[in-house]
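Participant: can you look at this prediction? I've put the sequence above it.
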Amino acid sequence: MRNGKVPKSGDIILTQVQFTDTFEIKTRPAVVLFEELNNVIVAGITSNLNMQGLPLTKKEGAIKDSIIKLNYIFTISKEMISKTLFHLNTEKKQLIYKELTKKLNLLNK
């Protein structure tokens, strides 16, 4: 982060993202899952409401209704974060944890 703050789990941030189908890099929103040793693990957010994932609404603080894409997880450095937009409430963070746990439990099968 440019201001030196450590991102926290549940922060909605603006960060530089490289798209998987091109080499293009754009600034996009993401939710911080966790931070460790200056590596920040995030899930992408899209305003395309046809995508799968968890809803993120204007009521919760988003600029527009969006989707948290738990199938689009990547690692960034703190320095790639432009700013923190807002922080998710406890209930939404627990829902993210629950959905990620379901996906990871598939590894046991």
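Facilitator: Sure, I can see it. Numbering: from 1, shown residues only.

Participant: need the contact list for Thr75.
Facilitator: With contact set as Cβ atoms under 8 Å, 6 or more residues apart in numbering, Thr75 has these partners: Asn39, Val40, Ile41, Val42. Every residue, glycine included, has its C-beta placed from N, CA and C.

Participant: quickly find the element holding Ser9.
Facilitator: Assigned by DSSP states H and E, Ser9 belongs to no helix or strand.

Participant: neighbours of it, how many?
Facilitator: 15 (other Cβ atoms under 10 Å).

Participant: again, but for the one 10 residues further on
Facilitator: Here the number of neighbours of Phe19 (other Cβ under 10 Å) works out to 11.

Participant: and it, how far from Val32?
Facilitator: 20 Å (Cβ to Cβ, to the nearest Å).

Participant: show me what the worst-scoring helix or strand of the chain on mean pLDDT is packed against.
Facilitator: Within the chain, no helix or strand scores below strand 11-18, which has a mean of 91 by mean pLDDT, DSSP states H and E. For strand 11-18, the contact count by 3 or more Cβ pairs under 8 Å, 6 or more residues apart in numbering; DSSP states H and E identifies strand 25-36, strand 39-46, strand 66-77, strand 81-87 as packing neighbours.

Participant: most tightly surrounded among these?
Facilitator: strand 39-46 (a mean of 20; mean count of other Cβ atoms under 10 Å).

Participant: buried ones in the following helix or strand past it?
Facilitator: Of the helices and strands lying after strand 39-46 in sequence (DSSP H and E), the nearest is strand 54-56. Applying a neighbour-count criterion of 16 or more other Cβ atoms under 10 Å, one finds Leu54, Leu56 buried in strand 54-56.

Participant: same deal with stretch 11-28?
Facilitator: For stretch 11-28, by 16+ other Cβ under 10 Å, it's Asp11, Ile12, Ile13, Leu14, Thr15, Val17, Arg28.

Participant: who's in contact with the residue sitting nearest the centre point of the chain?
Facilitator: Taking Cα atoms, centre = their mean, the centroid of the chain lies closest to Val31, which sits 2.3 Å from it. By Cβ under 8 Å, 6+ apart, the contact set of Val31 is Gly10, Asp11, Ile12, Ile13, Val42, Ala43, Ile45, Leu56, Ile68, Leu88, Ile96.
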